[in-house]
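A.B. asks: Provide a 3D model corresponding to the input given below.
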Amino acid sequence: MWWHVYPLGAVGAEVRPSTPVDDRPVEHRLQRLVPWLDHVVDLGLNGLLLGPVFASSTHGYDTVDHFRIDPRLGDESDLAALVSAAHERGIRVVLDGVFNHVGREHPAFRALEEQGPGAPTAELFAVERSGWQAGDPVPVRDFEGHDILVALDHDGRAAEDLVVEVMTYWLDRGIDGWRLDAAYAVPPSFWARVLPRVRERFPDAWWSGEVIHGDAAAIVQASTMDSTTQYELWQAVWHGIADRNCFELAHAVERHDALLPAFVPTTFVGNHDVTRIASAVGERFAGHAAAVLFTVAGTPVVYAGDEYGWTAVKEEREGGDDAVRPELPAAPPAPTGLTHVHEALIALRRRNPWLHRAHTDVVHLTNTAVVLRTATADAAVVTALNLADDPVEVPAADATRVEAGGGDLRDGTLRLPAAGWAVLTA
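C.D. replies: Predicted structure coming up:
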C-alpha cells in the first residue's frame with residue numbers, strides 16, 4: 001500500500017526554472033522526504049511511490065537524462081539515502097518511469113535536430129522519415145499535443161534497449177519497481193519485450209502502468225505488467241459522491257470486480273494529476289472516499305496530503321497542476337480526524353489481507369446510500385455510505401462490529417447519521 005508523492009513540488013523546487021538543466025547547481029532537497037517516512041509507517045502504509053526524479057527541463061516528465069537525479073532534488077547519493085531509509089522502515093520504493101517520450105532538451109534529440117536523419121540517435125525517436133532532410137525541423141510525434149514532449153519509437157530496438165538499461169540501472173541500486181507513466185500511449189508489445197528482459201535479473205520487481213482508458217485486462221495480458229491504474233473506479237468514487245449518485249459508484253465497483261481474474265488494479269482517490277479528493281467531493285465526504293478505497297480489491301495508493309484532507313483544484317492552464325503538487329512542511333503536521341480515519345482503515349486492511357483480491361457485492365443501493373460487502377467464504381467487510389442530509393437505515397449485511405466511521409448497529413440493520421459512513425466486519 002503506497003504513499004504517493006510528487007518530489008519536485010514536495011521539496012519546494014522551482015518547477016519551471018529559466019536556467020538550462022546543465023547549468024543548474026545540485027541542491028540536496030530529496031533528503032527533505034526522509035522525515036516523512038515515519039509518517040508513512042504510522043499510517044500503516046509500506047510503499048513509497050515517487051513521482052519523477054530524473055533530470056528534466058521543467059515538471060519532471062520532460063526527461064533529459066534517465067541516469068541522473070534532477071539537480072533540483074540532489075544527486076544519486078540522495079536517492080540512495082532515501083531508499084536506504086525507506087528500506088530500514090520496511091517501505092518499498094517505486095520510481096516513475098517516463099518512457100513514452102523525453103524532453104526536447106534531451107541530448108539524443110538535440111543530436112537529431114543538429115544532424116538530421118544521419119544522427120546516431122535517429123532510431124530512438126518516432127519520426128516521419130519521408131522527405132525529411134538535414135536542416136529541416138524534425139517531424140517527430142509528440143505526446144498529446146505537447147510540443148516539448150517528443151515520442152520514442154516503440155517499434156524499434158533502440159528505445160527497448162534504453163528502457164531496459166534505465167530500469168536495470170535503478171533496480172540494481174535498490175528500488176523495487178516502476179510506475180509506467182502514460183503506459184496507455186505505448187504499444188503493449190513494447191512492454192512485453194522490455195519487462196521480461198528486466199525480470200530475468202529482478203524477478204521480484206513490480207510494475208504498474210498508467211492506463212486511463214482502454215481494455216485494462218487485455219493490456220495487462222499483452223504487456224506483462226503487474227497492474228494498471230484504476231481511473232474508472234476513481235472517477236466513479238468522486239462523481240458518485242459529488243453528484244449523490246451511488247448507482248454510478250455501484251456500477252464501477254461491479255466492473256472493477258470483473259478485472260480481478262486477470263490482475264489486481266492500482267486503486268486511488270487522488271494523485272498528482274487530479275483535483276484533491278476533499279475538493280472534489282467536499283471535505284465532509286473525504287472519509288467516504290477513503291472507506292471505499294480501503295475496502296474494495298486493489299493495491300491502494302494514498303496521495304500525500306489526502307490523509308490530512310488538503311484541498312486544491314486542478315486547472316487547465318500552465319501551472320494548473322501546481323496547487324495539487326504543493327511543498328510539504330518540513331515535518332508531518334499533527335494528525336487530523338481524517339488522518340485517524342486513514343489509520344483505522346489501513347489497519348483494518350492489514351488485518352484482512354484477503355481484501356487485496358476479494359470480490360464486492362452491492363447489497364443495498366439508492367441514489368444517496370449504498371452498502372458494499374467484500375467477502376470470502378470465511379470473512380466479510382461491509383462498507384455503508386450515506387450521502388444524504390438526513391439519517392438513513394440500511395441493512396448490515398450480516399456485519400456485527402463497527403470498525404471505522406460511525407453508526408448504530410442493531411437487529412441486522414445499521415443506522416447512519418446524516419452524511420455518515422461506517423465500515424463493519426462480520
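A.B. asks: shaky segments in the chain?
C.D. replies: Along the chain, no part satisfies pLDDT under 70.
A.B. asks: Which residues are in contact with the closest residue to residue 27 other than its chain neighbours?
C.D. replies: In space, residue 27 comes closest to residue 72 once its chain neighbours are excluded; the distance is 5.9 Å by Cβ to Cβ, 6 or more residues apart in numbering. For glycine as for every other residue, the C-beta is placed from the backbone atoms N, C-alpha and C. Neighbouring residues of residue 72 by Cβ atoms under 8 Å, 6 or more residues apart in numbering: 8, 11, 13-14, 17, 24, 27, 29.
A.B. asks: So residue 72, which state does it fall into?
C.D. replies: coil (DSSP: H, G, I helix; E, B strand; the rest coil).
A.B. asks: how close does it get to residue 104?
C.D. replies: Taken as Cβ to Cβ, to the nearest Å, the spacing of residue 72 relative to residue 104 amounts to 18 Å.
A.B. asks: wait, isn't residue 152 in contact with residue 159?
C.D. replies: Yes: using Cβ atoms under 8 Å, residue 152 is in contact with residue 159, at 4.2 Å.
A.B. asks: Tell me which of those two has more neighbours.
C.D. replies: residue 152 (27 against 24; other Cβ atoms under 10 Å).
A.B. asks: about what we covered before: name the member of the contacts of residue 72 with the most neighbours.
C.D. replies: That'd be residue 8 among the contacts of residue 72, by other Cβ under 10 Å, with 23 neighbours.
A.B. asks: what's near enough to touch it?
C.D. replies: By Cβ under 8 Å, 6+ apart, the neighbours of residue 8 are 15, 51-52, 59-60, 70, 72-73, 325.
A.B. asks: And residue 116, by the same measure?
C.D. replies: 132-136, 138.
A.B. asks: I'd guess it is in a helix, am I close?
C.D. replies: Yes: under three-state DSSP, residue 116 falls within a helix.
A.B. asks: That one and residue 131, how far apart?
C.D. replies: Shown here: residue 116 relative to residue 131, a distance of 12 Å by Cβ to Cβ.
A.B. asks: What is the burial count for residue 118?
C.D. replies: 8.
A.B. asks: swap that for residue 98, sorry
C.D. replies: That count, for residue 98 with other Cβ under 10 Å as the rule, works out to 26.
A.B. asks: Residue 55 is in contact with that one, correct?
C.D. replies: No: counting by Cβ under 8 Å, residue 98 does not reach residue 55; the two are 11.5 Å apart.
A.B. asks: any residues in contact with both of the two?
C.D. replies: What both residue 98 and residue 55 touch, as defined by Cβ under 8 Å, 6+ apart, is the set residue 63.
A.B. asks: Could I get the full set of strands for the stretch 201-350 of the chain?
C.D. replies: Secondary structure of the stretch 201-350 of the chain by DSSP state E, counting those that start in this stretch: the strands cover 206-209, 227-228, 266-268, 299-303.
A.B. asks: Including mean neighbour count and distance to residue 288, could those strands go into a markdown table?
C.D. replies: Shown next, in a markdown table, are the strands of the stretch 201-350 of the chain (neighbours: other Cβ atoms under 10 Å; distance: least, Cβ to Cβ, whole Å):
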| stretch | mean neighbour count | distance to residue 288 |
| --- | --- | --- |
| strand 206-209 | 23 | 25 |
| strand 227-228 | 24 | 24 |
| strand 266-268 | 24 | 15 |
| strand 299-303 | 24 | 15 |
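A.B. asks: Pipe these into a markdown table and attach distance to residue 175 per row.
C.D. replies: Formatted as a markdown table, the strands of the stretch 201-350 of the chain follow (distance: least, Cβ to Cβ, whole Å):
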| stretch | distance to residue 175 |
| --- | --- |
| strand 206-209 | 10 |
| strand 227-228 | 16 |
| strand 266-268 | 17 |
| strand 299-303 | 17 |
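A.B. asks: so which of the contacts of residue 72 comes closest to residue 351?
C.D. replies: Here the nearest of the contacts of residue 72 to residue 351, counting by Cβ to Cβ, is residue 11; it sits at 34.1 Å.
A.B. asks: buried set for stretch 77-90?
C.D. replies: 78-79, 82-83, 85-86 (16 or more other Cβ atoms under 10 Å).
A.B. asks: Quick one: distance of that stretch to the chain centre.
C.D. replies: Distance, stretch centre to chain centre, for stretch 77-90: 20 Å (Cα atoms, centre = their mean, to the nearest Å).
A.B. asks: quick one: contacts of that stretch?
C.D. replies: Under Cβ under 8 Å, 6+ apart, the answer for stretch 77-90 is 28-31, 33-34, 37-38, 40-41, 46, 48, 53, 69, 73, 92-93, 173-175.
A.B. asks: can you check stretch 410-418 too?
C.D. replies: Contacts of stretch 410-418 (Cβ under 8 Å, 6+ apart): 369, 371, 384-386, 388-396, 398-399, 406-409, 422, 424.
A.B. asks: repeat that for 10 Å
C.D. replies: The contact list for stretch 410-418, computed with Cβ atoms under 10 Å, 6 or more residues apart in numbering, reads 284, 364, 369, 371, 382, 384-400, 402, 405-409, 420, 422, 424.
A.B. asks: Just the buried ones among those residues, please.
C.D. replies: Using 16+ other Cβ under 10 Å, the buried members of these are 364, 369, 371, 382, 384-388, 392, 394, 396-397, 399, 402, 405, 407, 409, 420, 422, 424.
A.B. asks: In this structure residue 131 contacts residue 137, no?
C.D. replies: No: look at residue 131 against residue 137 with Cβ atoms under 10 Å: they stay out of range, at 11.8 Å.
A.B. asks: can you give me the helices in this structure?
C.D. replies: 7-10, 37-43, 76-88, 107-115, 157-171, 188-199, 216-223, 231-242, 246-259, 277-281, 286-293, 337-351 (DSSP state H).
A.B. asks: Any idea which of those helices gets closest to residue 122?
C.D. replies: For the helices of the chain, distance to residue 122 was read as Cβ to Cβ. The smallest value, 5.9 Å, belongs to helix 107-115.
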